[in-house]
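Participant: Show me the folded form of this:
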Amino acid sequence: MSSGNRHDRSSPAEQLNIVITGIAGRFGRLVARTLHRDERFRVIGIDRRPFKGKPKDVEHHQVDLRSKKARDVFRQGDVDALVHLGMMHAPRAKSEELFSWNIGGTAKLFEYCLAYHVPKVVVLSSANVYGPRPDNTQFLTEEAPLLAAQAFPEMRDLVEIDHMASSFFWKARDINTTILRPVHILGRVKNAPSNYLRLQRVPTLLGFDPMVQMIHENDAAGAIRCALAPQARGIYNITGPGELPLSAVLDELGRQRVPVPHNMARALWSAAWRAGVSSFPVQEFDFIRYVCMVDGSRAHRDLGYRPRYSLRETIRAVEG
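Facilitator: Model (predicted):
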């Protein structure tokens with residue numbers, strides 16, 4: 001249901017109507033607050049979950065992305081930009097449900113944007129689509145192949161959405177499409193890297209201490225605001241304030257490490273996952289084994305994006 005009609009508002013006519021999918025999640029609420037504070041934007045949300053703590057002048061449609069009611073949001077013809085955050089990350093959910101929501105929902109959104117002439121689309125992907133590999137170069141550019149799904153079938157949807165967005169970029173040339181691939185987002189968000197670093201006894205792999213890149217959740221939201229600029233078009237890696245060995249990140253947080261031989265780790269943590277003892281999916285283990293770092297210079301140059309938070313502030317963001 002809609003909480004209001006934006007046509008009835010007396011907001012300045014020059015404001016841009018920004019539709020955010022996945023607005024009711026922790027990161028979605030953060031993005032909504034970030035854009036809501038900018039007087040250039042009027043925020044409209046689509047999410048099948050209720051939006052807790054919604055500002056009174058933010059419009060929220062509690063509907064499924066694939067539904068006729070979601071299409072009606074675009075049918076009114078005054079959507080200036082779509083920010084798509086609505087990928088479902090639920091490792092314990094059925095793969096069929098995830099595929100229908102993630103791929104089917106994204107396809108519907110692109111259909112709405114084409115049908116109702118939305119001039120701007122921003123899709124949040126992830127630097128994880130490149131995949132952690134022993135043969136990765138030190139810093140991957142946006143032209144690197146997306147290989148994550150080869151080792152992680154669970155990453156299939158994320159890679160597929162990135163490919164769909166890239167195809168949409170070339171298909172819909174009159175729509176200004178921007179794809180963001182941020183490094184590990186840390187903060188109060190519920191994602192694999194933040195959940196991993198919140199563990200009090202953290203599993204590590206004997207003999208492996210990869211360099212990792214992180215970005216504060218507020219910097220990631222700021223990058224989305226930068227991507228709404230008229231000149232922003234194309235694919236951008238989004239990096240944080242630097243990189244550190246995983247061991248240094250754990251030391252900063254004072255975490256106790258549980259070193260495990262890598263040939264035993266998957267079996268042990270698969271059993272812990274099935275028993276509900278572990279919240280860290282076993283398919284993420286290669287991210288604490290191999291390097292997957294990216295070059296963020298294109299976003300610095302083209303978008304004017306710069307991280308505002310230090311490495312220490314970024315790491316400690318997982319503690320809220």
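
Participant: Grab the nearest non-local neighbour of residue 311.
Facilitator: Nearest residue to residue 311, sequence neighbours excluded (C-beta to C-beta, 6 or more residues apart in numbering): residue 241, at 5.0 Å. Just so you know, the C-beta spots here come from the backbone N, C-alpha and C atoms, and that holds for glycine as well.

Participant: what do you get for residue 107?
Facilitator: Nearest one to residue 107, counting by C-beta to C-beta, 6+ apart, is residue 164 at 6.9 Å.

Participant: picking up where we left off before, okay but the residue nearest to residue 311 is in contact with residue 312, surely?
Facilitator: No: using C-beta atoms under 8 Å, residue 241 makes no contact with residue 312, being 9.0 Å away.

Participant: center of this structure, which residue is that?
Facilitator: residue 124 (4.8 Å; C-alpha atoms, centre = their mean).

Participant: That one pairs with what?
Facilitator: residue 180 (DSSP bridges).

Participant: So in the protein, where's the weakest helix or strand by average pLDDT?
Facilitator: helix 95-99 (a mean of 66; mean pLDDT, DSSP states H and E).

Participant: one step back: give me the more crowded residue out of residue 241 and residue 312.
Facilitator: For residue 241 versus residue 312, neighbours defined as other C-beta atoms under 10 Å are more numerous around residue 241 (20 against 10).

Participant: The helix or strand harbouring the residue nearest to residue 107: which residues count as buried?
Facilitator: Under the criterion DSSP states H and E, the helix or strand holding residue 164 is helix 156-171. In terms of neighbour count (16 or more other C-beta atoms under 10 Å), helix 156-171 has its buried residues at 156-162, 164-166, 168-169.

Participant: what do you get for stretch 14-32?
Facilitator: Neighbour counts using 16+ other C-beta under 10 Å place 15-25, 27-32 of stretch 14-32 among the buried residues.

Participant: Equivalent analysis for stretch 256-274, please.
Facilitator: Residues of stretch 256-274 classed as buried: 260, 262, 265, 269, 273 (neighbour count, 16+ other C-beta under 10 Å).

Participant: all helices of the stretch 1-150 of the chain, in order?
Facilitator: Taking DSSP state H, counting those that start in this stretch as the criterion, the stretch 1-150 of the chain carries its helices at 26-36, 68-75, 95-99, 105-115, 148-151.

Participant: For residue 140, give me its contacts.
Facilitator: Listed by C-beta atoms under 8 Å, 6 or more residues apart in numbering, the contact partners of residue 140 are 127, 130, 237, 292-295.

Participant: now do residue 213
Facilitator: Contact partners of residue 213, counting by C-beta under 8 Å, 6+ apart, are 127, 183-184, 239-240, 242-243, 293-294.

Participant: Give me the buried subset of these.
Facilitator: 127, 183-184, 239-240, 243, 293-294.

Participant: Make TSV out of these and add secondary structure, distance to residue 87 and pLDDT.
Facilitator: Shown next, in TSV, are the buried ones among the contacts of residue 213 (DSSP: H, G, I helix; E, B strand; the rest coil; distance: C-beta to C-beta, whole Å; pLDDT from 0 to 100):
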residue	secondary structure	distance to residue 87	pLDDT
127	helix	15	96
183	coil	17	98
184	strand	16	96
239	coil	21	98
240	coil	21	98
243	strand	25	96
293	coil	22	97
294	strand	19	98
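
Participant: Grab the two from those that are most spread out in space.
Facilitator: Farthest pair in those (C-beta to C-beta) is 127 and 243. Separation: 11.8 Å.

Participant: Residue ranges in the stretch 201-320 of the chain under the pLDDT threshold?
Facilitator: For the stretch 201-320 of the chain, applying pLDDT under 70 flags the ranges 273, 277-281.
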